[in-house]
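Trainee: return atomic coordinates for the entry below.
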Amino acid sequence: MNILKVIAFIELVLGLFLLLREVDDYIRLPTTQEVDEKFGGIVDLFKYKESCYKNFFLYSLLTTAGLSFWINRKLHWGLTQMLLMTLWFVVIMELWFMRLSNWGVSSFLGILSLSIFIYLEIKIWNSSFAGIMKISKTAQWLFLVGGLISCSIWGLLYL
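Mentor: A predicted model of the protein is given here:
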């Protein structure tokens with residue numbers, strides 16, 4: 001079986017599962033106003049309906065990337081690149097905002113992972129894989145810009 005087909009199938013199934021689970025959570029969760037009225041603002045670490053939006057976005061991107069394999073292979077490649085860039089951004093933002101380590105270590109890890117990500121992207125762009133897939137440089141740059149937009153959207157939903 002083709003490895004790309006396996007990756008697409010995993011993306012699709014995992015994306016649908018997580019998206020359905022998030023929709024179920026969304027239906028059952030209260031809003032921040034309802035929790036404020038009920039508990040008077042003493043609850044800090046509670047999942048609200050408003051905190052589901054960033055997960056909706058991420059799981060929708062995962063599902064779309066998996067589904068796109070059966071629509072267009074180039075689109076699948078690009079959406080998977082956008083998904084990976086967004087996941088990288090999510091991990092780095094979680095490190096910085098949750099302060100799992102001090103600011104210097106988080107910054108170092110962020111810069112290091114960004115450097116590794118850019119290096120791998122350049123290697124993929126210059127590899128024979130991009131030639132086999134017949135993905136133009138313009139399309140590669142468009143998917144990179146799409147990934148940056150995707151990261152920006154997730155960041156806005158995070159705040």
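
Trainee: can you tell me the helix or strand for the nearest residue to residue 135 once chain neighbours are set aside?
Mentor: Among residues not flanking residue 135 along the chain, residue 74 sits closest, at 5.5 Å (CB to CB, 6 or more residues apart in numbering). C-beta coordinates here come from the backbone N, C-alpha and C atoms, glycine included. Assigned by DSSP states H and E, residue 74 belongs to helix 73-98.

Trainee: need the mean per-residue confidence for that helix.
Mentor: The average pLDDT for helix 73-98 rounds to 80.

Trainee: separation between residue 34 and residue 26?
Mentor: 14 Å (CB to CB, to the nearest Å).

Trainee: check residue 147 too.
Mentor: Applying CB to CB, the value for residue 147 to residue 26 is 26 Å.

Trainee: coming back round to it: and the helix holding residue 74, what's buried?
Mentor: Residues 74-83, 85-90, 92-93, 95 are the ones in helix 73-98 that count as buried (16 or more other CB atoms under 10 Å).

Trainee: where along this protein do the helices fall?
Mentor: 3-28, 32-39, 53-67, 73-98, 103-126, 128-133, 137-158 (DSSP state H).

Trainee: show me what contacts the closest residue to residue 8 other than its chain neighbours?
Mentor: Using CB to CB, 6+ apart and skipping residues adjacent in sequence, the residue nearest residue 8 is residue 69, 3.2 Å away. Contacts for residue 69 (CB atoms under 8 Å, 6 or more residues apart in numbering) come out as 4, 5, 7, 8, 9, 11, 12, 76.

Trainee: against residue 17, how distant is the fifth one?
Mentor: Think residue 9. Per CB to CB, residue 9 is found 12 Å from residue 17.
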